[in-house]
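*Asks:* Sequence and predicted structure below; questions after.
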Amino acid sequence: MSQPADPQGSTARLPVLEKSHDDEPPAPAPEAGGRAHRFWSARRVPAGIVALLLLALAVLFLYDIVAVRADRPGMAWRRELARQLARRPLDDTWVLVGAGLAAALGLWLLLLALTPGLRAVLPMRRTHPDVRAGLHRDAAATVLRDRAMEVAGVQSAKVRVRRSKAKARAVAHFRELDDVRADLDTALGDTVRGLGLARPPRLSVKVRRPGRKG
């Protein structure tokens, strides 16, 4: 989320357009914050990797089956693998290591299938049952940082937004630190509520003096 800058380099606020709803039915009330669920990731990379691995294994075994059906010897690696599996007991170290890796891979795939992902997208309040919206955490951090820079006395500010917490770190070069912190709490608190998030993050504000040069 960005704002256009005027030729003098100052950041201008975007105008707010208001639409009259005199002739329209009232919009449904926003849902409670807990009803807006996270967005699910498509998981394209893990799915692509698994598909490629399965395809490669299928091609190898299909080639081996065709070779055997054509009265040709099977692949040496398959014969050696079958021989090793027939000779090694179940408590062999390599058998246990292979089983552990296979189990870890399976658990990882199950975790990807059962978790939504897209942790960087914060769900917003739903004002319509058929419409869902989300705000990227970096965009939310940019909005909060720009708002913090508007507070008198703030020289620089850094904001990090997570799912449940927003951390603001500001440097104040004049005014009392307590006054600057109080103004930041008020300004950033109003901004967080104005983002329209389903679960507004908790705000943490710290203010310090600029370090001495040299």
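*Replies:* That came through fine.
*Asks:* Okay, strands next: where are they in this protein?
*Replies:* 121-123, 134-136, 154-161, 165-172, 202-208 (DSSP state E).
*Asks:* which of those sits most buried?
*Replies:* Neighbour counts (mean count of other Cβ atoms under 10 Å) averaged over each of the strands of the chain peak at strand 121-123, with a mean of 22. From N, CA and C alone the C-beta is placed, and that goes for glycine too.
*Asks:* Which strands border that one, and is each parallel or antiparallel?
*Replies:* Sheet partners assigned to strand 121-123 using DSSP bridges are listed as strand 134-136 (antiparallel).
*Asks:* what's the strand it pairs with in contact with?
*Replies:* Identification of contacts with strand 134-136 by Cβ atoms under 8 Å, 6 or more residues apart in numbering yields 1, 39, 118, 120-124, 195-197.
*Asks:* so where is the protein shaky, pLDDT-wise?
*Replies:* The model of the chain has pLDDT under 70 over residues 1-36, 213-214.
*Asks:* Domain ranges for it, per the record?
*Replies:* 44-114, 122-208 (automatic domain parsing).
*Asks:* Pick the most deeply packed of those.
*Replies:* With neighbours defined as mean count of other Cβ under 10 Å, the domains of the chain peak in mean count at domain 122-208, which reaches a mean of 17.
*Asks:* gap between it and the chain center?
*Replies:* 18 Å (Cα atoms, centre = their mean, to the nearest Å).
*Asks:* which residue sits closest to residue 154 in space, ignoring its chain neighbours?
*Replies:* residue 170 (5.0 Å; Cβ to Cβ, 6 or more residues apart in numbering).
*Asks:* ok, what's across the strand from the one you found?
*Replies:* With DSSP bridges as the rule, residue 170 is bridged to residue 157, residue 207.
*Asks:* any idea how far it is from residue 43?
*Replies:* Look at residue 170 and residue 43: by Cβ to Cβ, to the nearest Å, they are 38 Å apart.
*Asks:* Also residue 60?
*Replies:* In this view, residue 60 and residue 43 are 25 Å apart by Cβ to Cβ.
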